[in-house]
Structures are given as C-alpha cells and as structure tokens.
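**Q** Okay, sequence plus prediction incoming.
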Amino acid sequence: MKIAVTGSIATDHLMSFPGRFSEQLLADRLDQVSLSFLADDLQIRRGGVAANISFGLGKLGLRPILVGAAGTDFTEYARWLQDHGVDTHSVRVSTTRHTARFVCTTDVEQNQIATFYAGAMSEAKEIDLASVARRVGGLDLVVVSPDDPEAMLRHTDQARDLAVPFVADPSQQLARLDGAEVRRLVDGARLLFTNSYESALLRERSGWSEEEVLARVGTWVTTLGADGALIARQGQPEVRVPAVSTARVVEPTGVGDAFRSGFLAGVVWRWDAERSAQLGCALAAVVLETVGTQEYRLTKADLLARIDATHGGPVARAIEPHLAGVS
C-alpha cells in the first residue's frame, strides 16, 4: 500500500518551564495577558506533523511518501528522513523561505503554549497530488494532516478527484478553519483523527453532531492522552483502547503523531481499528519518554514487551510478524 502523508515539515524549539502556567493567569485579566516564562531548557529538534508521522512509519519498516513544503535549509533534514525510510522526493523546497518553526513551552503539568511560523509551508498549496501519484505509480491512501489551510483543502479535493481514500487529521488547524472548510476536509474521510478537545471543536465548527460526523466518515479515532484512544463508527459500539503505561513522562510533543504512525501502519497491514490503535498507543509511549519527536529508539523487543504488558500476550504475538522491519 502506497501512503502519501501531506502536512507540515518543521523545526521544533522545545522549552521547559519549571512551574505551572495556571498559576500565572489571573481570572479577571484574561483579556489583557502579557506573560513571559523563563525556561530552564531549550531543545532544537526536527519536527512537523507530516514529517513525524512519516518518520514513525519509516521506523516501522514502511516507506511513506512525504508531501509538504520545506525551506532552503532542508537538505540535512531530507537526508535524515531518507535514512529512516521516508520518500522525500515529493517535498517542495522553497527558494526564498525557511522551513516552518514550532516554538513550544511545556510546564510541569505537561500543559503547553506554542507558536507556529509557517515559512515555506505556505507554498504547500502548490503541490499537485496527481503528479505525486504519477511519480510513484499510484496512491492507495492520502493522509491530510495540519498544513497550510489551502493546501489541506486542495489535497483533500484532489484525493477525491483521484478516487484515493483519505484520512482527515485537521488537528491544530481547526482553529484557523471555518465551518464550510471543516466540513469539506472531513466529509467522506476513511479515517478521522482528533484529540478530545479537537473533537468538541470540530463539532462546534462543522455544526454537525457526533452522529452526523459518524455518518460522513468511516472511523473516528479520538486520542485521550493517558486514557488511551476511543474508536467510533456509525451504528457500532464504541471501542476504548487503553494507553500503554510508561516509566517516565519526559516530553509530550509528537506523541499524537507517533500514535498516528502506529495506527496507519496497521491500516497498511489491513488490521482492524482496535489492533491498529494498540500499536499506536505503544509507539506513543516510546515517544513520550523522549525529548524530540524523531529522537526515539525503537526496537521490536521493546514494542512487543509494552504491548504484552498492556494488551496481553495474544495481541503481542499477533503483531510480532509485522514488526520484522522495525529499525
């Protein structure tokens, strides 16, 4: 199965604040916020949602096609992704802009305040999915993850025109999209990914009830942090998949992207949604223990041990044959 992952490619600037954001906010002054947080640590890492998802798929032994826009500083990053199994030949490299920047501060309770600079990502709308499909000999699935809003809309429409199933993952960009745009991105998706907050925001923006969303998508997967994931389909009981326990929480950035990597690998391997989410939760736990969205070490033995501990031996044994390519 050839899977194209469209979306952001970025450099992450990750900082740690040794306090609680909530203690700095005054309830009667929220209309005039002016705050500065003195961070204890700064980590500069490779990131971007599409790049993170693609990296995870590559680590699981697959070869995803990354579709996005990067800047003049992308050469080293491209080599890194290629070394980890990602096809970067459909990335548009800007001649005038830098790769996007994600600047994020995390407090002691894992709350985050972040700013995203689009940079070269604004050129992603110029990428033609039909050309990508011709280059690789056809596509079987298109993931539309957070990107330039025009690019997200264009790539969703092009997936429909090409009759290629698509995954709707609007995530952070829901804040930038109006109701008509949200409906256009979601309607007809084979899969819809949100977290719990985004699921409420999606309903508010689209004007659709949960039942109306489910009538328009194949499967709706909602990540719930420490509570795992919720899988919903029209006319079927909800399925809750528990989170995989972790020895230590280090940095939450990229955990949702890792979950998507594991889940989408299951889609490629034609697993059901529950089994796919079980692998997604295991990969998410690995990333949660690591600073940086692509700095984690992945081994077959470690993944299987985590799955066995949470989901049991039969699940681990069923998953094991598919992890031969883990790197």
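**A** Here it is on my side, so go on.
**Q** I'd like the distance between Thr115 and Asp161.
**A** 34 Å (C-beta to C-beta, to the nearest Å). In this view, the C-beta of every residue, glycine as well, is placed from N, C-alpha and C.
**Q** residue boundaries of the strands in the stretch 1-150 of the chain?
**A** Along the stretch 1-150 of the chain, the segments classed as strands by DSSP state E, counting those that start in this stretch run 3-6, 10-16, 41-47, 65-67, 69-70, 92-93, 100-106, 112-117, 141-144.
**Q** Name the single longest helix found in this structure.
**A** helix 273-288 (DSSP state H).
**Q** Any stretches of the chain with poor pLDDT?
**A** The model of the chain has no residue with pLDDT under 70.
**Q** The same query, at a cut-off of 80, please.
**A** By pLDDT under 80, the weakly predicted segments of the chain are 247, 327.
**Q** now the residue nearest the centre of it, nearest residue through space, not along the chain?
**A** Nearest residue to the geometric centre of the chain (C-alpha atoms, centre = their mean): Asp257, 3.1 Å. Ranked by C-beta to C-beta, 6 or more residues apart in numbering and with sequence neighbours excluded, the top spatial neighbour of Asp257 is Asn52, at 3.6 Å.
**Q** Mind checking what secondary structure Phe193 has?
**A** Following DSSP: H, G, I helix; E, B strand; the rest coil, Phe193 is assigned to strand.
**Q** I'd guessed it sits against Phe166; true?
**A** No. Counting by C-beta atoms under 8 Å, Phe193 does not reach Phe166; the two are 11.7 Å apart.
**Q** Tally up the residues packed near Asp187, please.
**A** As a burial measure, Asp187 scores 16 neighbours (other C-beta atoms under 10 Å).
**Q** Double-check it against Arg216; I have them as touching.
**A** Yes. Counting by C-beta under 8 Å, Asp187 does reach Arg216; the two are 4.9 Å apart.
**Q** Just the buried positions in stretch 50-69, please.
**A** Going by neighbour count (16 or more other C-beta atoms under 10 Å), the buried part of stretch 50-69 is 50-62, 64-69.
**Q** for stretch 177-184, that is, sorry about that
**A** For stretch 177-184, by 16+ other C-beta under 10 Å, it's 177, 181-184.
**Q** Of these, which is the nearest to His155?
**A** Arg184 (11.4 Å; C-beta to C-beta).
**Q** From Ile9, how far out is the closest residue in space to the closest one that isn't next to it in sequence?
**A** Spatial nearest neighbour of Arg184, chain neighbours left out: Leu153 (6.0 Å); criterion: C-beta to C-beta, 6+ apart. Look at Leu153 and Ile9: by C-beta to C-beta, they are 19 Å apart.
**Q** Show me the buried residues of stretch 50-69 that map onto helices.
**A** Residues from the buried residues of stretch 50-69 lying in helices, with DSSP H as the criterion: 50-59.
**Q** Return the closest of those with respect to Gln294.
**A** Phe55 (4.7 Å).
**Q** Leaving out chain neighbours, which residue sits closest to the closest one?
**A** Per C-beta to C-beta, 6+ apart, closest to Phe55 is Gln294, 4.7 Å.
**Q** list the contacts for the one you found?
**A** By C-beta atoms under 8 Å, 6 or more residues apart in numbering, the contact list for Gln294 reads 45-47, 51-52, 55, 80, 84, 254.
**Q** so the residue nearest to the centre of the chain sits right up against Leu57, yeah?
**A** No. With contact defined as C-beta under 8 Å, Asp257 does not reach Leu57; the gap is 10.4 Å.
**Q** so what's Val241 up against?
**A** 228-231, 274, 277-278, 281.
**Q** How much space separates it from Ile127?
**A** For Val241 relative to Ile127 (C-beta to C-beta), the value is 33 Å.
**Q** Contacts for the host helix or strand of Arg184 next, please.
**A** Arg184 is part of helix 179-186, with elements assigned from DSSP states H and E. Under the criterion C-beta under 8 Å, 6+ apart, residues 144, 149, 152-153, 156-157, 168, 170, 174, 177, 192, 202, 205-208, 213, 216-217 lie in contact with helix 179-186.
**Q** Cross the residues you listed against helices and list the overlap.
**A** Counting by DSSP H, the contacts of helix 179-186 contribute 149, 152-153, 156-157, 202, 205-206, 213 to helices.
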